[in-house]
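> here's a sequence, model it:
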Amino acid sequence: MRGVAINVGANTNEPGFRGPIHDDGTFEFVPIPESAPTREDADVPTYADLDLTIDVSSVADVPVHLDPTFAGVHGCERYTYGDPWGVKAGPLLELEAGDVVFFYATLSTAGDTPADWIAPRWGAYLIGHFRLDIDPVDGSEYHESPPNGTERFANNAHVKRDPFDAAVLLSGGDGSALYDVAIPLSEPDAGVDANRLVTQLSSDSGKGPWWRRPMRFDGEAVEELLTIRDSGDPRRAVQG
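Coordinates of the predicted model:
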């Protein structure tokens, strides 16, 4: 079993703010805006359509690039993800059914008394994962032989784009989830400092803007990440 972690979600560039992480570690998954043309018949939600508690009045009418999709979240029914960029598509296409794709986001610290494992101002956190139920789909082959017809990925943002631009499409099955509580990848003292999940378990050095890069994990590392998530104790990410 192998794993790859991919950065997703709102950030200070798009749409100009991050999703929040609250004092108890709960958070909101806020997608980036849709930056590409979409099909006329595609149902593309706006920020106002999402199940968010934060103030999005400044971007309420802006269409969102809702990707990844998590079943039961923001009106989605399936776990899907697509990406047009080779730097992410490359490691993802190396995976197989049964492997795990983790999603992480930079989140802004909200509240007055955050838990002691939450970084001040902002940090990077694991927010969910897919257990792949089919092999990753090469975007160049999607229209030639789409898995399960076109239904599986019908609501993925890249399938709604005109033209379709995914270099890879992923489908999550049983065991996939958007987390209730985030798991820190940053040290408690500063969001820019990577903790041991990055520097000891992943392929990344934790130097430079590590929070923007894809990270590879071997089988033992994947199991440890899943164990931390199942324990419900994010402190284990920084304590070892």
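> A194: neighbouring residues, count only.
24 (other Cβ atoms under 10 Å). Any C-beta I mention is one placed from the backbone N, CA and C, and that applies to glycine too.
> which non-adjacent residue is nearest I21?
L107 (4.0 Å; Cβ to Cβ, 6 or more residues apart in numbering).
> over to T113?
Here the residue nearest T113, using Cβ to Cβ, 6+ apart, is D23, at 5.4 Å.
> do the same with R212
That would be N7: by Cβ to Cβ, 6+ apart, it lies 5.6 Å from R212.
> the longest helix seen in the chain - what's its average pLDDT?
When the chain is parsed with DSSP state H, its longest helix is helix 219-231. Helix 219-231 comes out with an average pLDDT of 98.
> which other residues reach the helix or strand just after that helix?
Proceeding N to C from helix 219-231, the next assigned helix or strand is helix 236-239, under DSSP states H and E. Contacts with helix 236-239, where a contact means Cβ atoms under 8 Å, 6 or more residues apart in numbering, come from W117, I183, P184, L185, E187, P188, N195, R196, L197, I228.
> so what sits opposite the most centrally placed residue in the chain in the bridge?
Geometric centre of the chain, nearest residue: F103, 3.1 Å, by Cα atoms, centre = their mean. Counting by DSSP bridges, F103 is bridged to I6, G128.
> surely it meets G3?
No - in this structure, F103 is not within contact of G3 by Cβ atoms under 8 Å, at 11.2 Å.
> list residues touching both of these two?
H129.
> related to what we said a few turns ago, so the residue nearest to I21 touches F17, yeah?
No - counting by Cβ under 8 Å, L107 does not reach F17; the two are 10.5 Å apart.
> so between those two, which is more surrounded?
The neighbour comparison of L107 against F17 (other Cβ under 10 Å) goes to L107, with 30 against 16.
> would that one count as being in a strand?
Yes - using DSSP: H, G, I helix; E, B strand; the rest coil, the secondary structure at L107 is a strand.
> please name the residues that touch it.
Applying Cβ under 8 Å, 6+ apart, the residues contacting L107 are R18, G19, P20, I21, F27, W122, G123, A124, Y125, I127, A182.
> and the most far-flung residue of the chain relative to its centre, what's its pLDDT?
Distance from the C-alpha centroid of the chain peaks at E144, with 27.3 Å (Cα atoms, centre = their mean). As predicted, E144 sits at a pLDDT of 82.
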